[in-house]
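# Attaching a predicted model along with its sequence, questions to come.
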Amino acid sequence: MQVGQDAAAEPVALFDAAGRVVGVAPRGVVYRDGLWHGATGVLVRSGDGERVYVHRRSADKLVFPGAHDCWAGGVIGPGESPEDAAARELAEELGVRGVPLQPIERFAWDGFAEDAGIRCHTFTYEVRWDGPLHHQPEEVVWGAWVTLDGLRAMLADPMAWPFVPDGRVGIQRWFALRGEPLAG
């Protein structure tokens, strides 16, 4: 989302439960009515792959304010490809541009099953980055590089490190795809 734009009015690509694009609605309506939509997540890893960038969302976010996440990302706009949306969100949230996105997977997440009230088809990517990071203050209020074991420890302590629910699912899936246990 561009700075100064009303987040609730931002147009979002609607998907059906099977993952097909079926329309457009304002973000506020998508969240209020629990409509299926498209979202992206980019896992930012250090060049050597040993660390992951974790950040905390601003208290002003429409959903999951103040929660931690290890994915830079957001909603897919009308007519936008998942890869273009992922690159846009990565640039907006962390200031990372011009780095190749490596697709990980696409998964459907029905947050109503977890009382999170969000339904999305999430397209995940990974990048390697050792350059500077620049937070968009309206979206990100804190961030740090953590080792994979450090990330596992954070996920194991949800009281101290509350994570965005779909981000938690995404990173659990990432560890599983790599054949690595979530517990260190």
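Arrived safely. Residues are numbered from 1 along each chain as shown.
# list the helices and strands the least confident helix or strand in the chain by mean pLDDT packs on?
Lowest mean confidence among the helices and strands of the chain (mean pLDDT, DSSP states H and E): helix 27-33, at a mean of 93. On a contact count with 3 or more Cβ pairs under 8 Å, 6 or more residues apart in numbering; DSSP states H and E, helix 27-33 meets strand 11-15. (Each C-beta comes from the backbone N, C-alpha and C, glycine too.)
# With just CA atoms, put the next helix or strand along the chain from the least confident helix or strand of the chain into CSV.
Using DSSP states H and E, the helix or strand that follows helix 27-33 in sequence is strand 36-45. C-alpha atoms of strand 36-45 as CSV (Å, rounded to 0.1, in the frame of the first residue of the first chain):
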residue,chain,number,x,y,z
TRP,A,36,-11.1,-15.1,-0.3
HIS,A,37,-8.3,-13.0,-1.7
GLY,A,38,-4.7,-13.2,-3.0
ALA,A,39,-1.7,-12.4,-0.8
THR,A,40,2.0,-12.7,-1.0
GLY,A,41,4.8,-13.4,1.4
VAL,A,42,8.6,-13.0,0.8
LEU,A,43,11.0,-14.6,3.2
VAL,A,44,14.1,-12.4,3.3
ARG,A,45,17.2,-14.5,4.1
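# Buried residues of the least confident helix or strand of the chain, list them for me.
27, 30, 31 (16 or more other Cβ atoms under 10 Å).
# I figured the first one hits residue 8, correct?
Yes. With contact taken as Cβ atoms under 8 Å, residue 27 and residue 8 are classed as touching, separated by 5.7 Å.
# so what sits against both of the two?
residue 62 (Cβ atoms under 8 Å, 6 or more residues apart in numbering).
# Show me where this structure has its helices.
Applying DSSP state H to the chain gives helices spanning 27-33, 82-94, 148-155, 165-177.
# picking that back up, save the buried residues of helix 27-33 as TSV, and put in distance to residue 174 too.
Rendered in TSV, the data for those read as follows (distance: Cβ to Cβ, whole Å):
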residue	distance to residue 174
27	26
30	25
31	25
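# List just the nearest of the residues you listed to residue 42.
residue 27 (19.2 Å; Cβ to Cβ).
# Grab the nearest non-local neighbour of that closest one.
residue 10 (4.5 Å; Cβ to Cβ, 6 or more residues apart in numbering).
# could you measure the one you found against residue 80, distance?
12 Å (Cβ to Cβ, to the nearest Å).
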